[in-house]
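Asker: take a look and give me a structure for this.
(one chain, ligands or ions: 1)
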Amino acid sequence: MNYTEIFPKIIAHCKEHGFIFPSSEIYDGLSAVYDYGQLGAALKRNLRESWWKEMTQLHENIVGIDSAILMHPLVWKASGHIDAFNDPLIDNKDSKKRYRADQLIEDFLDKLLQKSIKETEKKAAKENWSPSDEAYQRFLKGNRDAQKHQVLLAKYTEAMQQNNMEALKNLIDEAGITDPETGSKNWTDIRQFNLMFKTQLGSMAETAQDLYLRPETAQGIFVNFLNVQKSSRLKVPFGIAQVGKSFRNEIVARQFIFRMREFEQMEMQFFIKPGTQHTWFNYWLNARFQWHISLGIEPQKLRFKPHEKLAHYADAATDIEFMFPFGFKELEGVHSRTDFDLSRHQEISGKKMAYFDPDDQTSFIPYVVETSAGLDRTVLTHLCNAYREEEVPTAEAGESALRTVLSFHPEVAPVKIAVFPLVKKDGLPEIATQIASELRKNYSVTYEEKDTIGRRYRRQDAKGTPFCITIDNQTHEDQKVTVRHRDSMLQERVATTQLETFFKNNLSSRKG
Ligand code: GAP
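Answerer: Alright, predicted model coming up:
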């Protein structure tokens with residue numbers, strides 16, 4: 001089975017094993033809203049904690065805060081979200097389906113690029129060219145699809161930069177972009193749609209004040225910049241991190257937990273001297289890439305994608321994309337936000353947002369480099385990266401069976417260790433429960449005594465548990481247990497007195 005076909009299986013697996021459920025399912029669900037079950041919540045918490053430790057504990061100049069979801073409405077005026085946090089929306093008149101016009105065009109451009117690469121590889125195989133040959137590169141840039149891609153990309157970039165909805169619509173017509181589900185070209189005009197959820201503060205309709213559910217956690221950091229700086233006495237450069245819920249009324253919310261209406265972000269704003277943003281931007285881009293790899297994400301499934309259209313606040317922006325089963329898509333963004341946010345808050349609130357530098361006795365509004373990752377997208381990344389189906393030998397000679405395994409990095413696996421007595425007699429359950437309750441003090445442990453050992457292994461593989469311990473009759477004699485490794489399925493005998501050390505060495509990405 002290829003990687004693309006695996007996505008529906010991952011979604012079904014998440015429901016069956018208690019990772020993720022559709023929200024309010026007994027009422028037929030709520031579009032693009034999901035609940036985390038017992039294993040999903042643990043996986044998500046482990047990722048959140050790993051990020052928190054990486055950003056705050058391991059950086060002495062970064063502190064973490066937890067600001068409120070509801071903020072003064074002028075915050076969103078200052079940040080530009082009221083005026084500019086829009087998506088271009090287009091409907092197909094035949095299918096009645098709604099799409100984001102920019103995504104339709106980007107998907108089309110992506111396909112053109114893929115076609116041009118395939119065409120080049122076909123030609124190269126015939127002509128015996130290698131990618132470093134000039135002829136290869138000339139063909140790659142000069143073939144029909146590559147040329148078309150270049151022309152359309154230039155028009156797309158210009159239309160997006162000028163916020164020109166008419167030009168975007170013309171581009172859809174000119175390129176002959178069709179409804180991905182029905183093939184129809186019968187489109188409406190494009191309209192702008194603000195993504196913020198509105199709510200009200202106060203009980204009386206006449207006096208109630210319009211509020212918004214925050215669409216990003218970043219603004220809670222900006223408005224607290226001086227509170228944190230003065231109370232912590234940190235000096236620029238320093239960072240403020242936070243993890244929390246954000247809300248966006250997404251137009252097209254498909255692809256499971258990839259694009260949700262309620263989701264969690266892990267954001268860090270790094271406050272720096274103006275002029276140093278290029279250096280810090282590269283530093284954080286690289287640091288964030290390395291964090292994903294340190295937790296077992298395959299490097300070839302990650303790539304950098306610089307933004308073609310910069311957001312209203314940025315002077316540079318690059319996404320870290322992961323190869324999901326539905327293509328390379330944004331997992332995290334690193335943005336150089338200049339002094340846009342702090343300056344705007346100073347302007348709209350009338351309060352000074354400048355930082356006083358005690359070393360050179362100057363006052364200035366710091367520039368900011370932001371790292372912004374979606375926690376739910378990180379969960380989805382780990383699920384897609386870990387999910388495997390493979391034929392494995394069974395106890396019967398010459399036979400094999402299919403096992404589904406989630407090869408999570410041990411640090412993020414929801415359950416770390418499963419403990420089994422081989423049989424439910426001979427004093428084995430007593431030893432097993434004793435070992436389980438000792439290990440439980442430090443790790444998330446599960447205990448099982450039902451079914452054959454083979455079946456118990458399969459159940460733990462499906463949950464992504466890295467280690468299973470089996471207690472058998474020999475344990476009485478040698479005080480050793482069998483530890484089975486999830487990915488290699490290799491087994492080794494470990495003394496019960498050595499179990500703590502064994503797991504200390506094997507369950508963390510940061511050994512020693
Ligand atoms: N403060 C900057 C900011 O919010 P963004 O690129 O709009 O930037 C950052 O969002 C990250 O938040 C994305 O890379 C993605 O991982 C996550 N994210 C954004 N919208 C999301 C949605 N609707 N569902 C799930 N995650 C989302």
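
Asker: what count of nearby residues applies to the residue in the stretch 1-150 of the chain positioned nearest to the ligand?
Answerer: Proximity of the stretch 1-150 of the chain to the ligand (Cβ to the nearest ligand atom) peaks at Ala32, 7.7 Å away. Heads up, the C-betas are built off the backbone N, CA and C, glycines and all. Residues within reach of Ala32, counting by other Cβ atoms under 10 Å, total 22.

Asker: so how far is Met268 from it?
Answerer: According to Cβ to Cβ, to the nearest Å, Ala32 and Met268 sit 26 Å apart.

Asker: ok, Tyr27 next?
Answerer: Distance from Tyr27 to Met268, by Cβ to Cβ: 37 Å.

Asker: who has more neighbours, these two?
Answerer: Neighbours per residue, other Cβ under 10 Å: of Tyr27 and Met268, the larger number sits with Met268, 28 against 8.

Asker: what separates whichever strand or helix holds that one from the chain centre, distance-wise?
Answerer: Per DSSP states H and E: Met268 is located in strand 262-272. Taking the mean of its C-alpha atoms, strand 262-272 sits 13 Å from the chain's own mean (Cα atoms, centre = their mean, to the nearest Å).

Asker: in it, which residues are buried?
Answerer: For strand 262-272, the neighbour count (16 or more other Cβ atoms under 10 Å) marks Glu262, Phe263, Glu264, Gln265, Met266, Glu267, Met268, Gln269, Phe270, Phe271, Ile272 as buried.

Asker: could you identify the most distant pair in those residues?
Answerer: Farthest-apart pair in the buried residues of strand 262-272 is Glu262 and Ile272; separation 31.8 Å (Cβ to Cβ).

Asker: where does the protein dip in pLDDT?
Answerer: Applying pLDDT under 70 to the chain flags the ranges 1, 204-206, 395-397, 509-512.

Asker: phi and psi next, for the nearest residue in space to His476 that is not next to it in sequence.
Answerer: Leaving aside its chain neighbours, His476 sits nearest to Gly427 (7.3 Å; criterion: Cβ to Cβ, 6 or more residues apart in numbering). Gly427 adopts backbone torsions of phi 80, psi 0, taken as degrees, to the nearest 10.

Asker: and Gly427, how far from Asn473?
Answerer: 9 Å.

Asker: outside of stretch 41-58 itself, list whatever touches it.
Answerer: By Cβ atoms under 8 Å, 6 or more residues apart in numbering, the residues outside stretch 41-58 that reach it are 19, 36, 62-64, 239, 241, 243, 264, 266, 268, 291, 295, 371, 373, 375-376, 378-379, 382-383, 408, 411-415, 444, 464, 509.

Asker: so does that stretch get close to the ligand?
Answerer: No - Stretch 41-58 does not reach the ligand (Cβ under 6 Å from any ligand atom); its nearest approach is 12.0 Å.

Asker: list the buried residues in that stretch.
Answerer: By 16+ other Cβ under 10 Å, the buried positions in stretch 41-58 come out as 41-44, 46-48, 50-52, 54-56.

Asker: related to what we said a few turns ago, just the contacts of stretch 41-58 that are near the ligand?
Answerer: Subset of the contacts of stretch 41-58 in contact with the ligand: Ala373, Asp376, counting by Cβ under 6 Å from any ligand atom.

Asker: quick one: contacts of stretch 11-22?
Answerer: Stretch 11-22 is contacted from outside by 29-30, 33-40, 43, 256-257, 383, 387, 404, 406, 462-463, using Cβ under 8 Å, 6+ apart.

Asker: residue in the protein nearest to the ligand?
Answerer: The minimum distance from the chain to the ligand, using Cβ to the nearest ligand atom, falls at Gly374 (2.4 Å).

Asker: chain center to the lengthiest helix in the chain: distance?
Answerer: The helix spanning the most residues in the chain, taking DSSP state H as the definition, is helix 101-127. Relative to its parent chain, helix 101-127 has a centroid offset of 26 Å by Cα atoms, centre = their mean.

Asker: and it, what's buried?
Answerer: Neighbour-count burial for helix 101-127 flags 101-105, 107-109, 112, 115-116, 119-120, 124 (criterion: 16+ other Cβ under 10 Å).

Asker: stretch 132-151 now?
Answerer: By neighbour count on 16+ other Cβ under 10 Å, the buried set for stretch 132-151 is Tyr136, Phe139, Leu140, Asn143, Asp145, Ala146, His149.

Asker: just those: which are in helices?
Answerer: Under the assignment DSSP H, the buried residues of stretch 132-151 contribute Tyr136, Phe139, Leu140, Asp145, Ala146, His149 to helices.

Asker: which one is Ile69 nearest to, not counting chain neighbours?
Answerer: Leaving aside its chain neighbours, Ile69 sits nearest to Arg214 (5.4 Å; criterion: Cβ to Cβ, 6+ apart).

Asker: what about that neighbour, how many neighbours?
Answerer: Neighbour count of Arg214, defined by other Cβ under 10 Å: 26.

Asker: got phi/psi on it?
Answerer: phi -60, psi 130.

Asker: could you check how far stretch 452-465 is from the centre of its chain?
Answerer: The answer for stretch 452-465 is 27 Å, by Cα atoms, centre = their mean.

Asker: using CSV, write out every CA atom in it.
Answerer: Taking Å, rounded to 0.1, in the frame of the first residue of the first chain, the C-alpha atoms of stretch 452-465 are listed here in CSV:
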residue,chain,number,x,y,z
THR,A,452,-2.0,-15.1,24.1
ILE,A,453,1.2,-13.1,24.4
GLY,A,454,1.1,-12.7,20.6
ARG,A,455,-2.3,-11.0,20.7
ARG,A,456,-1.1,-8.8,23.6
TYR,A,457,2.0,-7.7,21.6
ARG,A,458,-0.2,-6.8,18.6
ARG,A,459,-2.5,-4.6,20.8
GLN,A,460,0.5,-2.8,22.2
ASP,A,461,2.0,-2.4,18.7
ALA,A,462,-1.2,-0.7,17.6
LYS,A,463,-1.0,1.8,20.5
GLY,A,464,2.7,2.4,19.8
THR,A,465,4.0,1.1,23.2
